[in-house]
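Asks: Need a 3D model of the sequence below.
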Amino acid sequence: MIGKLQCVVLDCPDVGALARFYQSLLGGDVNRPDRRWTVDDGFATLHTGDGHVFAFQRVPGHRAPRWPDPAYPQQLHLDLDVEDIDLAQEQVLGLGATLLRTDPAGWRVFADPAGHPFCLLG
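Replies: Residues are numbered from 1 along each chain as shown. You can find the predicted model right below:
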């Protein structure tokens, strides 16, 4: 092993809004004091209860991904296990996500408010 994951960083136009979106989805603390990062209007963090850290970096002129269009690449995506996929879909749509695709196998692809795709797996 060369290293371990410190955090996952998502580019976006509004760091606070996207941090709060993922806080509503995953729980945790937005901008919890952490010596590794300085948070400001261009950078925010989310420390989840299970120990994961997400960071949100403001990018002027951010181009949102358009899954699955390779001209607008994903930049990253997350797979999230859920107990009740229908309830989870209702909740993420209420938080501002957009449904992109329902797969015949049962999982669903969404875009977060900044356009990053993520999947719900039941």
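
Asks: A114 is in contact with G96, correct?
Replies: No: between G96 and A114 there is no contact under Cβ atoms under 8 Å: 9.7 Å. No exception for glycine: its C-beta is placed from N, CA and C like everyone else's.

Asks: who's more crowded, the two?
Replies: Using other Cβ atoms under 10 Å as the criterion, G96 and A114 rank with A114 on top: 21 against 15.

Asks: Could you report the neighbour count for P70?
Replies: 8.

Asks: now stretch 80-95, how far from the chain's geometric center?
Replies: Between the centre of stretch 80-95 and the centre of its chain there are 14 Å (Cα atoms, centre = their mean, to the nearest Å).

Asks: no, scratch that, I was asking about stretch 66-73
Replies: 17 Å.

Asks: For it, list the C-alpha coordinates in PDB.
Replies: As requested, the backbone C-alpha atoms of stretch 66-73 are provided in PDB (Å, rounded to 0.1, in the frame of the first residue of the first chain):
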ATOM      1  CA  ARG A  66     -23.700  15.100 -18.600                       C
ATOM      2  CA  TRP A  67     -23.800  11.400 -17.900                       C
ATOM      3  CA  PRO A  68     -23.100   9.400 -20.100                       C
ATOM      4  CA  ASP A  69     -21.900  12.000 -22.600                       C
ATOM      5  CA  PRO A  70     -18.100  11.700 -22.900                       C
ATOM      6  CA  ALA A  71     -17.900  15.400 -24.000                       C
ATOM      7  CA  TYR A  72     -18.900  16.300 -20.400                       C
ATOM      8  CA  PRO A  73     -17.100  13.600 -18.400                       C
END
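
Asks: Buried residues of it, list them for me.
Replies: W67 (16 or more other Cβ atoms under 10 Å).

Asks: Check the secondary structure at Q23 for me.
Replies: Put simply, Q23 is helix when judged by DSSP: H, G, I helix; E, B strand; the rest coil.

Asks: In the chain, where is pLDDT below threshold?
Replies: The chain contains residues with pLDDT under 70 at 2.

Asks: domain ranges for it?
Replies: Using automatic domain parsing, the domain parsing of the chain gives 8-58, 78-121.
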